[in-house]
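Peer 1: coords please:
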Amino acid sequence: MNGASFIQGDLVTYPPQSGVSGAGQPVPPYQQPPYQQQQQPPYQQAPYPQPPYQQFPPHFPQQQPQFPQQFPPYAAPQAGRRGGVGRGLACAGVALVVVAGVVAGGVGLLHAARQRVPVRGPSAAGGGAWEKVTEGLTAALAAKDEEAFVKPFAAGATKEKQRLVFRNLVRIPWETARWEPGLTIDGQLTVDFVHQVKGVDNFPVTEQYGWKVLSAASGPSPDPVAGPPPGIDEVVTEVGGVKDSQGKDAGFGYYPAPWDAYDELAVRVRDHLVVMSDKGQAAELDRDADVLARAAEDDLAAWREYAPAPTGERRGASGFFVVLEKDRDVYNKLYRGDGKPDDSLEAGVNMPMPAADGSKAGGGDLLVGGSRIVMDTTGSRFTGDQWRDGVTDIGRHEMAHAIVAPLLTTSGGFDGKGGPHDWVSEGFAEYMALRGKDSLARDELDAYLRGIPFDGQLPGDSGEFYADDADRRTANYTLAGDALRFMASKHGDAKVFAFVAAQYGQPGEYEQQVTAATGQPLGQFRAAWAAHVRAAVPARR
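Peer 2: Below you'll find the predicted structure:
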């Protein structure tokens, strides 16, 4: 059983449109590296599909909106991220809450499990009897046999809900999909849905369910360890996330997934992309799928060209899993149990998932199998006249997080320390979002630093990166992206990719990694970058 639960939040504003002069002196262009950069195709020339929604214009408008155009940030940090267990690990925008075992009377916070808890032996929940039930689900999905799949569930609402889940599951391209019984927690049978989405996940990952079941043991609260009663097929009476002793969601397990949350899924599969929504939002899905697929290819092409060679079993992601959602309540609950408090600044989130079997983690204590991206489609990136630019921007940003997530080697500490620096992870996502758009990046730097004090420090080094103030947080994202863009202008893209990969793999070697990328001590690089920012934005001192 792997109970690690990542929640990644990442925030940035959609950049202002290009073609507008900044305040003060003309901004000096970034020095080009001594080799040709990969040029991204202009948005205006890309053969995007026309939007089906009535609220969107029938064609891509040529007129740029007045500068600067303010958009809400990508994602604020998760509630409770600032300190303590709730914040967990703020790396790549990741807040980590790790739950991997039980203590007397409830769930205990432990370290990320590297290997699955065996389902055999005296502590196993019902031993082979429950294995037969879960193996039946696995075989039924493989055979696409709906009646066999719903057979173990109690008649009525539980069976009918699992019928809908089955119909959703058969729409997903699976490399691996199986159910395995785990332990008992507060009278529940934990069941792992171990799955690997074809073309997306590097390794199988786990969604964990809490089943209420009938048991061969007698009494008002029969223990699942006794196994199911003989001669009864409908032994699962309730399916949900794992609950704590108070009946609330325990906060781990990545439940509910889209196949649990929606009565009917709409799924679109593209090269390197599986994107889905509720069927009622299929028009939005059809409009955005090819735009997101292009964003995926943009990021992957850059990664293939500049990233360092993989180390052992760890390699960057080769595909992406995206959920589009317009209902804020559903958005806040996807993969997050009972949901998190709403943060109006959040527009998208990437959630890395640990591998179901962490035995290949090597020298680290963590092996990430894949990521799940959720985007709020009510934001201006999706609803504005420049929606193609907006969807591309958030797509590149979130997918950049997903690409490097498998390079993480440690879950860090519960105090949020021990992971990659926030400016590195968020800066890389912004650097990827604006690749090939240096002019737009300069306009953004000028626009989003106006009125914001700049102390010459890399964002987050002298304060909270995920500031409560939206303008300050936006400035931090902008500065983070600019710092890596500056590094690339002086030393080349390959140095940036190697630096970011090294930070994810060995976050404690930060200063050495800056020196390896730039040939300068951290302080010297920081001072040179700060001078560049002040020259680029004359109002900053």
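
Peer 1: Got phi/psi on I373?
Peer 2: Note on I373: backbone dihedrals following degrees, to the nearest 10 are phi -110, psi 130.

Peer 1: make that L324, sorry
Peer 2: Dihedral angles (degrees, to the nearest 10) for L324: phi -100, psi 130.

Peer 1: what are the pairing partners of the longest strand along the chain, and which direction each?
Peer 2: The longest strand of the chain (DSSP state E) is strand 174-185. Strand 174-185 has its sheet partners listed here by DSSP bridges as strand 188-197 (antiparallel).

Peer 1: Please export the alpha-carbon coordinates of the partner strand; CSV is fine.
Peer 2: Extracted as CSV, the C-alpha positions of strand 188-197 are listed here (Å, rounded to 0.1, in the frame of the first residue of the first chain):
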residue,chain,number,x,y,z
GLN,A,188,-12.6,-0.4,6.2
LEU,A,189,-11.0,-2.6,3.7
THR,A,190,-8.4,-0.5,1.8
VAL,A,191,-8.3,-1.4,-1.9
ASP,A,192,-5.6,-0.1,-4.3
PHE,A,193,-6.5,0.5,-7.9
VAL,A,194,-3.0,0.1,-9.4
HIS,A,195,-3.0,1.7,-12.9
GLN,A,196,-0.7,3.0,-15.6
VAL,A,197,-2.2,5.2,-18.3
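
Peer 1: What residues of whichever helix or strand comes after it count as buried?
Peer 2: Next helix or strand after strand 188-197 toward the C-terminus (DSSP states H and E): strand 205-213. Within strand 205-213, the residues scored as buried using 16 or more other Cβ atoms under 10 Å are V205, T206, E207, Q208, Y209, G210, W211, K212, V213. For the C-beta atoms, the positions are set from N, CA and C on the backbone; glycine is no exception.

Peer 1: what does the helix or strand just after strand 205-213 contact?
Peer 2: Beyond strand 205-213 in the direction of the C-terminus, DSSP H and E gives the next helix or strand as strand 236-240. With contact meaning Cβ atoms under 8 Å, 6 or more residues apart in numbering, strand 236-240 is reached by 133, 152-154, 158, 161-162, 209-214, 249, 255.

Peer 1: what do you get for stretch 262-280?
Peer 2: 164, 167-168, 171-173, 197, 199-200, 258-259, 281-282, 284-286, 288-290, 292-293, 296-297, 300, 318-325, 330.

Peer 1: Show the buried residues in those.
Peer 2: Neighbour-count burial (16+ other Cβ under 10 Å) applied to these gives 164, 167-168, 171-172, 197, 199-200, 258-259, 281-282, 284-286, 288-290, 292-293, 296, 300, 318-325, 330.

Peer 1: Just the ones of the residues you listed in helices?
Peer 2: 164, 167-168, 258-259, 282, 284-286, 288-290, 292-293, 296, 300, 330 (DSSP state H).

Peer 1: need the strands for the stretch 301-450 of the chain, in chain order.
Peer 2: All strands of the stretch 301-450 of the chain, identified by DSSP state E, counting those that start in this stretch, fall at 320-325, 348-354, 368-376.

Peer 1: Make CSV from those and add mean pLDDT and distance to E146 to it.
Peer 2: What follows is the strands of the stretch 301-450 of the chain, written out as CSV (pLDDT from 0 to 100; distance: least, Cβ to Cβ, whole Å):
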stretch, mean pLDDT, distance to E146
strand 320-325, 99, 24
strand 348-354, 95, 27
strand 368-376, 98, 25
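
Peer 1: Redo those as a markdown table? Include distance to D468.
Peer 2: Below are these laid out as a markdown table (distance: least, Cβ to Cβ, whole Å):
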| stretch | distance to D468 |
| --- | --- |
| strand 320-325 | 25 |
| strand 348-354 | 18 |
| strand 368-376 | 20 |
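
Peer 1: Tell me which of those sits nearest to P538.
Peer 2: With distances scored as Cβ to Cβ, the stretch of the strands of the stretch 301-450 of the chain nearest to P538 is strand 348-354 (32.6 Å).

Peer 1: now for the closest one, which elements pack on it?
Peer 2: The contact analysis (3 or more Cβ pairs under 8 Å, 6 or more residues apart in numbering; DSSP states H and E) places strand 348-354 against strand 4-8, strand 205-213, strand 368-376, helix 387-404.

Peer 1: Any chance you could give me it in PDB, C-alpha atoms only?
Peer 2: C-alpha atoms of strand 348-354 as PDB (Å, rounded to 0.1, in the frame of the first residue of the first chain):
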ATOM      1  CA  GLY A 348      -4.600  24.900 -12.500                       C
ATOM      2  CA  VAL A 349      -2.700  22.300 -10.500                       C
ATOM      3  CA  ASN A 350      -0.300  19.400 -11.200                       C
ATOM      4  CA  MET A 351      -0.200  16.500  -8.800                       C
ATOM      5  CA  PRO A 352       2.700  14.000  -9.000                       C
ATOM      6  CA  MET A 353       1.800  10.500  -7.900                       C
ATOM      7  CA  PRO A 354       4.200   8.100  -6.300                       C
END
